[in-house]
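# Below: sequence and its predicted model.
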Amino acid sequence: MKNIVLTICVMLWVPVLSGCVSSDQYQMLENRVNALEMENTRLRQFRNQVADLSSAIEDLEKKVQATDQVSRENIADINQELQQMHKKYAQLQGMMEETAYRLGGTDLGIQTDSTQILDRMDRAISRNHTRITRLETYMGFEPTVPGTNGADSSDDAASPDVGADAGQAKAEMPVSDRSAYEQAKKTFDAGDMEAARIQFENFINTFPESSYAGNARFWIADSYYAEKWYEKAILEYQKVLEQYPDSNKTAAARLKQGYAFAELGENANARLILNELISRYPDSRESEFAKTKLKTLQ
């Protein structure tokens, strides 16, 4: 992750040094975010492997359904593929248990969100295993490993394929910067924060000079805030302030940055930022929100 200039100063009517959120405080936040991002990378790799297994099972299901009479040679091939899938299933179970163990010992405050991700992965793995055993039954093979969750075909039909949303996020960007931005914002409004972040990042990389670029960075920050990842949100809001100082989202970025510090229990920093907002934008709606919030931080 790029080094971030980590200073937020109140430069109106007060000395610079007395109006700065501690750079050490921001360094601590950045270190925590780096650790979280490493863990998230592992989780994404884990999810991709689950998605790969789902895809392999789907291909095998199509192969079985493509013919009514399967030759002895094809049966042997299918049986071998099923055995490989069982092996992959066991590996994924082990990875999940290892990740859950590591998260259980962390003090980074992300256990809840990561556990929810692992729970979803566990259900996806179990659904895959059910599909494997159902294929074995269809082919007349003896199941190698008993099913774990008893899910039926209706569960599989109702459950979205793991990784599908991420695939949509990587779709080709529209030519127009406005349509690209609106597409990403639509994803954000639908609540798919991870896919929205990917789309907004792609947008910024594709249209770095767009008038919507500052807004896109703000929504990336807001997506982390919505997920209660306040440390990361603070740093992303700071990017709005530093990289897009003329954006119409600067006041909102300061407001949400103050909110994020308050959510972390760092009320002194929250008050500093909210007071700075009021000084810079006294007639804005964000200023009124800041005044209301300050009353709760006394």
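Received, thanks. From a predicted model like this one, the values you see are computed outputs, not experimental measurements.
# so how far is the first residue of stretch 237-253 from its last?
End-to-end distance of stretch 237-253 (C-alpha to C-alpha, to the nearest Å): 5 Å.
# swap that for stretch 182-196, sorry
End-to-end distance of stretch 182-196 (C-alpha to C-alpha): 11 Å.
# For it, list every residue counted as buried.
183-185, 187-188, 192-193, 195-196 (16 or more other C-beta atoms under 10 Å). Using the backbone N, CA and C atoms, a C-beta is placed for each residue, glycine as well.
# ok, of those, which one's closest to residue 55?
Distance to residue 55 across those (C-beta to C-beta) is lowest for residue 195, with 18.5 Å.
# Report all helices and strands that the helix or strand harbouring the closest one contacts.
Per DSSP states H and E: residue 195 is located in helix 193-206. Helices and strands touching helix 193-206, as assessed by 3 or more C-beta pairs under 8 Å, 6 or more residues apart in numbering; DSSP states H and E, comprise helix 164-169, helix 177-189, helix 213-226.
# Buried residues, it. List them.
193, 195-200, 202-204.
# May I see those residues organised as CSV, with distance to residue 218 and pLDDT added?
Shown next, in CSV, are the buried residues of helix 193-206 (distance: C-beta to C-beta, whole Å; pLDDT from 0 to 100):
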residue, distance to residue 218, pLDDT
193, 14, 92
195, 17, 93
196, 12, 94
197, 12, 94
198, 16, 94
199, 14, 94
200, 9, 95
202, 16, 93
203, 12, 94
204, 11, 95
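# Out of these, which comes closest to residue 235?
residue 197 (13.6 Å).
# Now do the same contact list for the closest one.
Neighbour list for residue 197: 220, 223 [criterion: C-beta atoms under 8 Å, 6 or more residues apart in numbering].
# Check the gap between it and residue 236 for me.
9 Å (C-beta to C-beta, to the nearest Å).
# picking up where we left off before, mind picking the two most distant members of the buried residues of stretch 182-196?
183 and 193 (15.0 Å).
# angle of the helix holding residue 195 against helix 213-226?
160 degrees (axes from the mean of the first three to the mean of the last three C-alpha atoms, to 10 degrees).
# got the angle for helix 193-206 vs helix 177-189?
Using the same axes, to 10 degrees: helix 193-206 against helix 177-189 is 160 degrees.
# For residue 290, see how far away residue 296 is.
11 Å.
# The two: who's more crowded?
Higher neighbour count among residue 296 and residue 290: residue 290, with 25 against 9, using other C-beta atoms under 10 Å.
# Tell me which residues touch that one, please.
For residue 290, the contacting residues are 255, 258, 274-275, 277-278, taking C-beta under 8 Å, 6+ apart as the criterion.
# From residue 198, how far out is it?
Counting by C-beta to C-beta, the gap from residue 290 to residue 198 is 31 Å.
# count of residues packed around residue 220?
The local packing of residue 220 (other C-beta under 10 Å) involves 26 other residues.
# re earlier: export the buried residues of stretch 182-196 to JSON lines and tack on distance to residue 51?
Shown next, in JSON lines, are the buried residues of stretch 182-196 (distance: C-beta to C-beta, whole Å):
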{"residue": "183", "distance to residue 51": "23"}
{"residue": "184", "distance to residue 51": "22"}
{"residue": "185", "distance to residue 51": "26"}
{"residue": "187", "distance to residue 51": "19"}
{"residue": "188", "distance to residue 51": "22"}
{"residue": "192", "distance to residue 51": "16"}
{"residue": "193", "distance to residue 51": "18"}
{"residue": "195", "distance to residue 51": "14"}
{"residue": "196", "distance to residue 51": "19"}
